[in-house]
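> after the sequence you'll find the predicted model.
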Amino acid sequence: ELFEQQVARTPEATALVFGEESLTYAELDARANQLARHLISLGIGPEQMVALALPRSVEMVVALLAVLKSGAAYLPLDPDYPTARLAFMLGDSGASLLITQSGVIKETLDALQTSGTTLPVLELNNASTQATLAKLDQAPVSQAERTHPLTPQNLAYLIYTSGSSGTPKGAGNTQSALINRLDWMQSKLQLTSVDRVLQKTPWSFDVSIWEFLLPVFNGATLIVAKPEGHKDPQYLAQFIREQGITTLHFVPSMLDAFLVSDIEYGLLPIKHLV
């Protein structure tokens, strides 16, 4: 609802940029609504888990918003994780559906099939899926009616710990807790339409959540880095300069690497370093 309110305020403003592709707020909302309608038609709704295994892309953002619009919670899966870890997360979470692209986690899906585990899979680059979404494009692009009412206590997402001290554990967060965090961050950062926020954190880490949602809740532009770009200080510096990034996050180790490099970081357009 917060995203849709921002769409109503600035429909023609740029909401999302990835590579050469960009979407306005209205376009991003329409694409997310198309997919959300399809999810709801499959019976997806509040207190269900939808796993997302996608590379960093426009489709990643669309799928995340679509799951939230359906009322379900999302489980981000890093395609680079080992097959056994991905299979464990899918089984342990009780996911009702996996959204991915053909070949992204093929070995994991093959292992699940071999083990007898059945999990519905929606491949966004599958011809039949694209045809279905194209048909939905002819329907109203407004938010579809959910199967059940959404409450502040419903789960918004589930992210698994690293498992470095044992078996990975799923840590969930509710709608109200997520909004509380985003409200607090906005009170500190005061993002506006002139801000351009960098999304570079792998979405298997909770920092990624505010990177994805805070800008599009507040009229800023979400700029998505290329896959693996978060590991390269030189790429990041050039990307920040080219895209006019005003707001981004650094973990201490990466910030140290950034600051000791030969980058003229004092000339970058950064206003907020979180």
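Ah, there it is.
> now the host helix or strand of Q186: buried residues?
Q186 belongs to helix 175-189 when assigned by DSSP states H and E. Across helix 175-189, burial judged by 16 or more other CB atoms under 10 Å covers Q175, L178, I179, R181, L182, M185, L189. For the C-beta atoms, the positions are set from N, CA and C on the backbone; glycine is no exception.
> how about the strands in the stretch 1-150 of the chain?
14-18, 21-24, 49-53, 73-76, 97-100, 121-123 (DSSP state E, counting those that start in this stretch).
> burial count for I159?
20 (other CB atoms under 10 Å).
> and if you look at D206?
Neighbour count of D206, defined by other CB under 10 Å: 15.
> that one reaches I159, doesn't it?
Yes: counting by CB atoms under 8 Å, I159 is a contact partner of D206 at 5.6 Å.
> between the two, what contacts are shared?
Common contacts of D206 and I159 (CB atoms under 8 Å, 6 or more residues apart in numbering): A171.
> hmm, who's touching stretch 73-84?
Applying CB under 8 Å, 6+ apart, the contact partners of stretch 73-84 are 47-55, 63-64, 67-68, 86, 89-90, 93, 95, 98, 104-105, 107-108, 111, 154-160, 170, 172, 202-204, 208.
> how about it: buried residues?
So for stretch 73-84, counting by 16+ other CB under 10 Å, buried means A73, Y74, L75, P76, L77, D78, P79, Y81.
> with stretch 39-57 instead?
Neighbour-count burial for stretch 39-57 flags 39-40, 42, 44-46, 48-54, 56-57 (criterion: 16+ other CB under 10 Å).
> just those now: which is nearest F250?
Among the buried residues of stretch 39-57, R56 lies closest to F250 (CB to CB), at 17.3 Å.
> without its sequence neighbours, what residue ends up closest to the closest one?
Leaving aside its sequence neighbours, R56 sits nearest to P227 (CB to CB, 6 or more residues apart in numbering; 4.8 Å).
> and that neighbour, how many residues sit next to it?
With other CB under 10 Å as criterion, P227 counts 13.
> show me the contacts for Y235.
Each residue near Y235 by CB under 8 Å, 6+ apart is listed here: A225, K226, G229.
> of these, which is the most crowded?
A225 (23 neighbours).
> isn't L189 up against T246?
No: counting by CB under 8 Å, L189 stays clear of T246, with 9.5 Å between them.
> overlap in contacts, those two.
Joint contacts of L189 and T246 (CB under 8 Å, 6+ apart) are D195, H272.
> which helix or strand in the protein has the lowest average pLDDT?
Within the chain, no helix or strand scores below helix 252-260, which has a mean of 77 by mean pLDDT, DSSP states H and E.
> and whichever helix or strand comes after that one, what does it pack onto?
Remark: after helix 252-260, the chain's next helix or strand is strand 272-273, criterion DSSP H and E. Judged by 3 or more CB pairs under 8 Å, 6 or more residues apart in numbering; DSSP states H and E, the packing partners of strand 272-273 are strand 247-248.
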